[in-house]
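1. following is a predicted model, sequence given first.
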Amino acid sequence: LKDLLSKKELEDWIGDDMVAVIWTFVGTPAGLNLRNVLWHGFIAPGEIPFLFLYLLIYVIMCIGYKLSEKTMHHRQLLQLQNCDRISNLFPVLNEEMVKDIGLLLHNSDIVTSEMMLPYITTALDHYRYARYEQCVVLLLPSLENCIRLLYISVCGYSDRILTAETSVLYTTFDEMLSPSLSDGTRNKLVDALGEPVFEVLLAVLQHENGPRLRDHVSHGEVAPDSYTQTVASLLLSVLAIILMKYRTRPDTVSQHDCQGSLAWIERNMADIKNFTSPYHPITIVREKALDLCDDIIALKDIEVPIDIGTECGSVDLTELGEAFKKMWAMFDRDGISQHQDTQSFLRFLCCDMKDRHKYSREIKSVLSSKSISTIYCDKSTLIVASLLQQLMVKSAVCNRNVLLVADTRYKQWTKMELRSRQRKNYQRFIAGLPVLSSALSLVLLTVTFNLSLIYHLPHAEPEFFKYSLRYLKLIVKFVDNMAVLSSPDKNRWDDCVGLAKILFTDVHKYCVLVLTTCSSKDTTIGLPR
């Protein structure tokens, strides 16, 4: 909002008088800053005069009148569809459960009776009457206030309960949900809430690919019809777990007092014990890698005309596969290379395209079994995850292009609809299929390898980490070019095959470099076995 208010274009559209009023009352910290102090849960009921409310309504009407005289392109409001991936975390709350939360509110250390209790109580009433938008709008700042009280308590920041001044940064979710404090020490809120609850909060509020509820709602970006019972119920369930953990006197709210029995909260806590955020970059990479594995296997089902007049080519990657396997074994921290089916990695890369499905089980097993910690990720780890995510996205595009061209051209061939030049291009496509399949398989193995080391690579010797990033960026450039060249409007299959062969050579050089460096230094380049 501060950036918007400083734009000259805004003054031209609504007038400098309107900008001055908004600046003074709504933002920035130099004024009353109503927007921030309200949305971050600093204001108790009754502290904002009704006069301010009337003024803001009047300002909105004036702005609407001014804009009605101009032609505007409205931005489409967001739908909270990506909440569906976590909507099944908890059951939808019924009336008895809502009553339980109401009782817990009066028996909690982290709910201030004069500030947040009226808001949450009103939010519960909105939920009862299916006014889910109003429920969510009241719950978000209330939840932030409750977590802030817990945060400043466990981290020893008692002087920061109310730091909504112009010269002091607010203690907001961005800081509270960081895994480490500004001095580098572990955030004690993680232990206070428990990692599962902390992970749920990150998924709901923080992760870039998640719903980011507080950000989107507080910035007015969410469509009114997108506030569903599921979204409101999710926030209330998280609040219930936190209230349950921090009851003032646990014995005063007995299961007899609660209509639905507090057992449902205990069950919710048990259900998220092994929760991993589906929106974390590393989780997304793993899911996309599993999808790519299936996509690569699907290439074996491509139909080839009997009278095509050309055979599928081949590529010998045995030497590259052996070097890759040795490098993997050298840095293996989880015993993957010692698995009885370790040859499956080599065979997956080097086998015939139609036999690749026979060796995919081991790749999927490694991707699925690898435990992921999505709370403690430093910047370097996220950089690696971002590169891996780019690899998966572009590789999926390449694979779709190949399948699309294969299906379209096959139909056109059988119906004799291809011109001479298109027939020759299609023949080159068929001849290059095994090379393209092997290239995508190499990308998949590279992602699997880096996922197995993703928490350790940033802590290796700087030189090796630099080489690793350069290597990943090289492959990202390859799949980016391949996605363009394989697109239906390009169909440059000779160039795609040429790129793939360059990739094989470069990756082999990288593996040899790593193996040589390790041998000469008699070390695993900073990665303890």
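-> Okay, I see it.
2. any idea how far Asp307 is from Thr318?
-> Counting by C-beta to C-beta, to the nearest Å, the separation of Thr318 from Asp307 is 33 Å. For the C-beta atoms, the positions are set from N, CA and C on the backbone; glycine is no exception.
3. just want to know which of these two has more residues nearby.
-> Neighbours per residue (other C-beta atoms under 10 Å) separate Thr318 from Asp307, with Thr318 holding more: 10 against 7.
4. ok, the more buried one - contacts?
-> Leu346, Cys350 (C-beta atoms under 8 Å, 6 or more residues apart in numbering).
5. and it, its phi and psi?
-> Note on Thr318: its backbone torsions stand at phi -60, psi -50 [degrees, to the nearest 10].
6. what ranges in the stretch 301-450 of the chain fall below the confidence cut-off?
-> Applying pLDDT under 70 to the stretch 301-450 of the chain flags residues 311-314, 331-343, 370-371.
7. and Tyr151, what's its pLDDT?
-> Turning to Tyr151, the model gives it a pLDDT of 90.
8. report the buried residues of the helix or strand where it lies.
-> Take DSSP states H and E as the rule and Tyr151 turns out to sit in helix 132-154. By neighbour count on 16 or more other C-beta atoms under 10 Å, the buried set for helix 132-154 is 132-153.
9. please apply the same query to stretch 262-277.
-> Quick answer for stretch 262-277 (16+ other C-beta under 10 Å): Leu262, Trp264, Ile265, Asn268, Met269, Ile272, Phe275, Thr276, Ser277.
10. contacts for the host helix or strand of the third one next, please.
-> Ile265 belongs to helix 263-271 when assigned by DSSP H and E. Under the contact criterion C-beta under 8 Å, 6+ apart, helix 263-271 has outside partners 89-91, 97, 100, 194, 196-197, 237, 240-241, 244, 255.
11. narrow those to those in helices?
-> Secondary structure assignment by DSSP state H places Met97, Asp100, Pro196, Val197, Ser237, Ala240, Ile241, Met244 of the contacts of helix 263-271 in helices.
12. which helix or strand in the chain has the lowest average pLDDT?
-> helix 343-350 (a mean of 76; mean pLDDT, DSSP states H and E).
13. can you name the next helix or strand after that helix?
-> Reading on from helix 343-350 to the C-terminus, the next helix or strand found by DSSP H and E is helix 360-369.
14. output that following helix as CSV, restricted to C-alpha atoms.
-> Only the C-alpha atoms of helix 360-369 are listed here, as CSV (Å, rounded to 0.1, in the frame of the first residue of the first chain):
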residue,chain,number,x,y,z
SER,A,360,11.5,-47.4,-12.7
ARG,A,361,10.4,-49.0,-9.4
GLU,A,362,13.8,-48.3,-7.7
ILE,A,363,13.8,-44.6,-8.8
LYS,A,364,10.3,-44.2,-7.4
SER,A,365,11.3,-46.0,-4.2
VAL,A,366,14.1,-43.5,-3.6
LEU,A,367,12.0,-40.5,-4.4
SER,A,368,9.1,-41.7,-2.2
SER,A,369,11.1,-42.9,0.8
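15. could you list the low-confidence segments of the chain?
-> Looking at the chain by pLDDT under 70, you get 158-170, 248-261, 311-314, 331-343, 370-371, 518-529.
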